[in-house]
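Peer 1: fold the following and give me the result.
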Amino acid sequence: MRIPLARIAHARSGDKGDLVNIGVIAYRAEDYDLLLREVTAERVKAHFAERILGEVVRYELPNIHALNFVCREALMGGGTLSLLSDAQGKSFGGGLLGLMIDS
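Peer 2: Numbers count the residues shown, from 1 in each chain. Prediction:
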């Protein structure tokens, strides 16, 4: 069955220059393996295909049942350089929660 990521996790995100950092935290420890399987760096990059132009690296934090994604070249230069209406990374976490995953 396909479900939105928001059903099993919450997320936070932020930015520094042209880099976006997205943390995804499972609500329940038993869903961490599902995060590992379904929420890959490749899927995050594809989900934000028009926004993330650079590399996406995934870091695993098993002790807190979380994943952290560092996304490069995601803000067209960053808040002070970009002409984007939202040139900060704060909305990326919420955007990622719409990712459909196989449960």
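Peer 1: contact partners for the residue lying closest to Arg58 once chain neighbours are set aside?
Peer 2: In this structure, Arg58 finds its nearest non-sequential neighbour in Ala41, 4.3 Å apart by CB to CB, 6 or more residues apart in numbering. Using the backbone N, CA and C atoms, a C-beta is placed for each residue, glycine as well. Applying CB atoms under 8 Å, 6 or more residues apart in numbering to Ala41 gives the contacts 56-58, 69.
Peer 1: neighbours around Gly98, how many?
Peer 2: As a burial measure, Gly98 scores 10 neighbours (other CB atoms under 10 Å).
Peer 1: equivalent analysis for Tyr27, please.
Peer 2: 12.
Peer 1: name every strand pairing with the helix or strand containing His10 and say which way it goes.
Peer 2: According to DSSP states H and E, His10 maps onto strand 9-16. Here strand 9-16 is paired, per DSSP bridges, with strand 19-26 (antiparallel).
Peer 1: neighbouring contacts of the strand it pairs with?
Peer 2: Against strand 19-26 from outside (CB under 8 Å, 6+ apart): 5, 8-15, 32, 34-35, 39, 44, 52, 64-72, 74-75, 89, 92-93, 96.
Peer 1: and after it, which helix or strand comes next?
Peer 2: Next element after strand 19-26 (DSSP H and E): helix 32-38.
Peer 1: what comes up buried for that next one?
Peer 2: 32, 34-35, 38 (16 or more other CB atoms under 10 Å).
Peer 1: any chance of those in CSV, with pLDDT and distance to Gly23 too?
Peer 2: Below are those laid out as CSV (pLDDT from 0 to 100; distance: CB to CB, whole Å):
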residue, pLDDT, distance to Gly23
Tyr32, 98, 13
Leu34, 97, 16
Leu35, 97, 11
Glu38, 98, 16
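Peer 1: can you pick out the most distant pair from these?
Peer 2: Spatial extent of the buried residues of helix 32-38 (CB to CB) is set by the pair Tyr32 and Glu38 at 11.1 Å.
Peer 1: among the contacts of Ala41, which one has the most neighbours?
Peer 2: Phe69 (25 neighbours).
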